[in-house]
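K.L.:
Kindly generate the corresponding structure for this input.
(2 chains)
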Protein chains: 2
Amino acid sequence: MTKRKLETCFSPALYVPEDCVDSIVIIIDVLRASSSICTAFENGATEIIPVEDIVKAKEYKSKGYLVAAERDGFVLDFADFGNSPFNFTKEKVEGKTIVYSTTNGTGIIKLASSSHMTVIGSFLNISALSEWLINQERDVMLFCAGWKNKFNIEDTICAGAIAEKLMKSGFYTSICDSTMAGMDLWSIARNDLHRYVKKIAQRNRLKDKGLDDCIEFCLTPDFTKKIPVLNNGVLIDHSV
Amino acid sequence: MTKRKLETCFSPALYVPEDCVDSIVIIIDVLRASSSICTAFENGATEIIPVEDIVKAKEYKSKGYLVAAERDGFVLDFADFGNSPFNFTKEKVEGKTIVYSTTNGTGIIKLASSSHMTVIGSFLNISALSEWLINQERDVMLFCAGWKNKFNIEDTICAGAIAEKLMKSGFYTSICDSTMAGMDLWSIARNDLHRYVKKIAQRNRLKDKGLDDCIEFCLTPDFTKKIPVLNNGVLIDHSV
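P.N.:
The predicted structure is shown next:
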């Protein structure tokens, strides 16, 4: 049996689209895009349209769509709400198509879209996602969103936690230093995840803006079994 | 007392020169450029001229300079020797100016050259370098060379080991996730460095070419007290 290749990328600035055309790429943006998208599907959203451009997001709004849009943690004035997973409640999103635009996450989804398949991963769907991946016969790239091209801890430990599950299955091989680093950092973080994450830079950025209330939730494993997959530019749930 | 800022960068693709104009930048390319440069100075080299361009390196050779030049682990045909620290023996380098061109290292030295000061760091000079840094009143950027823009483990744990020494001094502060990750990976690696490094991708690359004989040496702390500093495009020892 040829083993599938498992790799990790720590930043959009390090991502090479041509290397991933045959791979499943998992977008990991724990604080907060990936977590919000998983939450939205769990609460009954039918589709999420990731939109990079603010003007385009505004156009969708004028057509009557529900729009979640923020830049640097601030909700855009025309949007219905911002990028906290707590916004994506059942009352607001059930049965709806959501247009979604964030500082970091949406650009990265576009960057990964030339891969075989682009999927959203977070702690919230970690077990379901890992089992689903094991059932696909494909190389996997764990693509950490980082923060404005910088490496970040929360995405890396989530990648490490997914990598650990995949490696345990026996179907994958990895000679990627980033994957090894992710698994090792996860082996430290897992012992006291909330204390560990207290140290991270993004927590401080969110705290400054009073947006750190969702961090504990974003670190919760297995809140949902949804598998958000990009399909012709639109995210839909692939778990069903 | 205002604390000095300590940051780490994992790849040339993530390096932002404008952010480092007032910082001391430490170039870390453990396998093998940083280690070879430190060894050359310990063995009496007077100057090292880093040269990015192969044509330029060849020109220097025709002028009678001692030239160390390799690409992807292969010694260039006109060069005196390649990039193993074992080449830079006292017999060969004492009292000499060396022209030096490697796949990764020399380009990175140029990239960092707009900083306040560019210095070569490795396990071989780790304690002397850290003490010297503590005596400078400057922000520090630990710049890992990586491998062809990819993150690598050996440079990261060396950065983590330096960061640990600097943070212990009490003069530095860091809200950089990369620095935190480096220190945490170092905390795992230090327990059995040689076993840990066995896992890394660069080791496999060197092994394939029979160039892995120097790895144990490159992980040796405090082989030298030399501090190679870039001065008008030329590396000289700053320890004296």
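
K.L.:
okay, CA-based contacts and neighbour counts for the rest of this
P.N.:
OK.

K.L.:
and the lowest-mean-pLDDT helix or strand in chain A, what does it pack onto?
P.N.:
Least confident element among the helices and strands of chain A, by mean pLDDT, DSSP states H and E: helix A:201-208 (a mean of 77). Using 3 or more C-alpha pairs under 8 Å, 6 or more residues apart in numbering or on different chains; DSSP states H and E as the contact definition, helix A:201-208 packs against no other helix or strand.

K.L.:
What is the burial count for the spatially closest residue to A:Val21 that is not a sequence neighbour?
P.N.:
The shortest distance from A:Val21 to any residue other than its chain neighbours is 4.1 Å, reached at A:Ser115 (C-alpha to C-alpha, 6 or more residues apart in numbering or on different chains). For A:Ser115, the count of nearby residues is 17 (other C-alpha atoms under 10 Å in any protein chain shown).

K.L.:
Then A:Phe171?
P.N.:
18.

K.L.:
Please tell me how far it sits from chain B.
P.N.:
With distances taken as C-alpha to the nearest C-alpha, to the nearest Å, A:Phe171 is found 19 Å from chain B.

K.L.:
so what's the backbone phi/psi at that residue?
P.N.:
A:Phe171 adopts backbone torsions of phi -90, psi -10, taken as degrees, to the nearest 10.

K.L.:
How about the contacts made by it?
P.N.:
Applying C-alpha atoms under 8 Å, 6 or more residues apart in numbering or on different chains to A:Phe171 gives the contacts A:Lys3, A:Arg4, A:Ile134.

K.L.:
let's see it at 7 Å
P.N.:
Counting by C-alpha atoms under 7 Å, 6 or more residues apart in numbering or on different chains, A:Phe171 touches A:Lys3, A:Arg4.

K.L.:
again with the one 4 residues further on
P.N.:
The neighbours of A:Ile175, taking C-alpha under 7 Å, 6+ apart as the test, are B:Ala201.

K.L.:
helix, strand or coil for it?
P.N.:
A:Ile175 falls in the coil class when you classify it by DSSP: H, G, I helix; E, B strand; the rest coil.

K.L.:
What's the per-residue pLDDT of it here?
P.N.:
Turning to A:Ile175, the model gives it a pLDDT of 91.

K.L.:
Please apply the same query to A:Ala45.
P.N.:
98.

K.L.:
Could you tell me the phi and psi values at it?
P.N.:
Torsion angles at A:Ala45 (phi, psi; degrees, to the nearest 10) stand at phi -60, psi 140.

K.L.:
Likewise for A:Ala68?
P.N.:
Dihedral angles phi and psi of A:Ala68 (degrees, to the nearest 10) take the values phi -110, psi 120.

K.L.:
Equivalent analysis for the one 5 residues further on, please.
P.N.:
Backbone torsions for A:Gly73, taken as degrees, to the nearest 10, come to phi 90, psi -10.

K.L.:
Up against chain B, what does chain A have?
P.N.:
Residues of chain A lying close to chain B by C-alpha under 7 Å from any C-alpha of the partner chain are A:13-14, A:149-153, A:175-178, A:184-185, A:200-201.

K.L.:
biggest separation within the residues you listed, which pair?
P.N.:
Pairwise distances across the residues of chain A next to chain B (C-alpha to C-alpha) peak at 28.4 Å, for the pair A:Ile175 and A:Ala201.

K.L.:
give the contact list for the residue nearest to A:Val21.
P.N.:
A:Pro17, A:Cys20, A:Val21, A:Asp22, A:Ser23, A:Ile24, A:Val25.

K.L.:
and stretch A:25-41, how far apart are its ends?
P.N.:
Counting by C-alpha to C-alpha, to the nearest Å, you get 19 Å between the two ends of stretch A:25-41.

K.L.:
In contact with A:Phe81, which residues?
P.N.:
When contacts are counted by C-alpha under 7 Å, 6+ apart, A:Phe81 touches A:Val67, A:Ala68, A:Ala69, A:Val75, A:Asn87.
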